[in-house]
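Enquirer: need a 3D model of the sequence below.
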Amino acid sequence: MNPSVEHQLWMYEKMIEIREYEETMARIYLEGKLPPHIQKGLAFDIGAGPVPGEMHLAAGQEPVAVGVCAHLHDDDTVVGAHRPHHFAIAKGVPLKPMTAEMFGKDTGLGRGKGGHMHLFDPIHKFSCSGIIGASMPPACGAALAAKKRGKNWVAVAFFGEGATNQGAFHESMNLAALWKLPVLFVCEDNKYAISVEKSESTSVAWNADRAAAYGMPGVLVDQNDAVAVYEAAGVAIERARRGEGPTLLEVKTDRYLGHFQGDPETYRPKGEVEALRRNDPIPRLHDQLRRAGLIDDGTDQAIRARVSARVTEAYEYGRTSPYPQPEDALLHVFN
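Expert: Have a look, this model is predicted:
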């Protein structure tokens, strides 16, 4: 399933947007958390600065999000993991309220109460969770609801390769196959489950092979390439829409930043990230588009200008939005 010109350009622009968004957050997040604070001999203060709490960024993993979400409709559901921004952006979650949520502001998706690992946007049918493996059961629920209602909607669960060793993975795979649910399980294999290499935690070389145990197709995309992901995801999503059941799609991707911001990354071999960046998927797609005559310098500059404006506006909105009032602390929570 080859991508149309429209989809190729959309993927390219979204990948640039995701990368700029993540790199901007990487800088802002460290405000107040680095020297002179560290120079005073104090520990890294995760609560300091304008964006408190943990932060997991996805620079380098853009092809997984855009290659899958290019096929999705407004009524399709996406459930992300603890590293969720690229999925949210690709699904169409507005940048301004998403960013305000990370700043803990009242204009955020969750009124500033959820933070970056708990983004929830029912309008765009997107959610995520900080619990490992927690994307899969809700995706099965959304897929079951679509099937019960007689809709051709699909649900997508994104998760890391470390989550495949959780019980929720196996339970969800079994249930989805048994009931032929219209769900796509997408495993982002970035080699590391926090700091543990897959070879030290998982008994199989590729998690896509595990699909056979549940009677569903298992597809491996062994390159960090948006077009390759698009082609594989398209087949799986169309299969789900036809009522033929779930697919497990595994994508070998690359994480350029730490598991979390502030991660010393002592577990990574020296020079690993630099080597990975030499195969950056954004320049690769750019070169493909240029060879096909789909972009030139002017088009590329226009795309990057649009992206920069959107990202700048989103972060300005997040910084300047008001904080929730103290008396609102108990609103929108279970009693």
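Enquirer: ok, now which ones touch residue 166?
Expert: 132-133 (Cβ atoms under 8 Å, 6 or more residues apart in numbering). The C-beta positions use only the backbone N, C-alpha and C, and glycine is treated the same way.
Enquirer: what's the pLDDT at it?
Expert: According to the predicted model, the pLDDT of residue 166 comes to 95.
Enquirer: thought residue 76 was touching residue 126?
Expert: No: in this structure, residue 76 is not within contact of residue 126 by Cβ atoms under 8 Å, at 10.0 Å.
Enquirer: so where's the protein shaky on pLDDT?
Expert: By pLDDT under 70, the weakly predicted segments of the chain are 35-43, 335.
Enquirer: same thing but at 50, please
Expert: Filtered on pLDDT under 50, the chain yields the residue ranges 37-39.
Enquirer: which residues of the stretch 151-300 of the chain fall in helices?
Expert: Listed in chain order, the helices found in the stretch 151-300 of the chain under DSSP state H, counting those that start in this stretch are 167-178, 226-241, 272-277, 281-291, 297-320.
Enquirer: one more: the stretch 1-150 of the chain?
Expert: Using DSSP H, counting those that start in this stretch, the helices of the stretch 1-150 of the chain run over 5-29, 62-69, 85-91, 95-102, 136-148.
Enquirer: among these, which is the most enclosed?
Expert: For these, ranked by mean neighbour count under the definition mean count of other Cβ atoms under 10 Å, the leader is helix 62-69 at a mean of 28.
Enquirer: quick one: list the elements packing against that one.
Expert: helix 5-29, helix 85-91, strand 155-160, strand 183-189, helix 226-241, strand 247-252, helix 281-291 (3 or more Cβ pairs under 8 Å, 6 or more residues apart in numbering; DSSP states H and E).
Enquirer: is it possible to get CSV of those that adds distance to residue 142?
Expert: As requested, the helices and strands packed on helix 62-69 are exported to CSV (distance: least, Cβ to Cβ, whole Å):
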stretch, distance to residue 142
helix 5-29, 22
helix 85-91, 13
strand 155-160, 4
strand 183-189, 8
helix 226-241, 12
strand 247-252, 16
helix 281-291, 28
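Enquirer: any idea how many residues pack against the closest residue in space to residue 231 that isn't next to it in sequence?
Expert: Spatial nearest neighbour of residue 231, chain neighbours left out: residue 1 (5.2 Å); criterion: Cβ to Cβ, 6 or more residues apart in numbering. Other residues within reach of residue 1, judged by other Cβ atoms under 10 Å, total 12.
Enquirer: same question for residue 246.
Expert: For residue 246, the number of neighbouring residues by other Cβ under 10 Å comes to 32.
Enquirer: so who does it touch?
Expert: For residue 246, the residues meeting the contact criterion (Cβ under 8 Å, 6+ apart) are 143, 173, 176-177, 180-185, 216, 240.
Enquirer: could you flag which of those residues are buried?
Expert: When burial is judged by neighbour count using 16 or more other Cβ atoms under 10 Å, the buried members of these are 143, 173, 176-177, 180-185, 216, 240.
Enquirer: out of those residues, who's nearest residue 231?
Expert: For residue 231, the closest of these turns out to be residue 184, at 13.8 Å, with distances computed as Cβ to Cβ.
Enquirer: who is that closest one paired with across the strands?
Expert: For residue 184, the beta-bridge partners under DSSP bridges are residue 156, residue 247.
Enquirer: tabulate the contacts of residue 246 (CSV), appending distance to residue 106.
Expert: As requested, the contacts of residue 246 are exported to CSV (distance: Cβ to Cβ, whole Å):
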residue, distance to residue 106
143, 33
173, 40
176, 38
177, 43
180, 43
181, 37
182, 37
183, 34
184, 35
185, 35
216, 43
240, 38
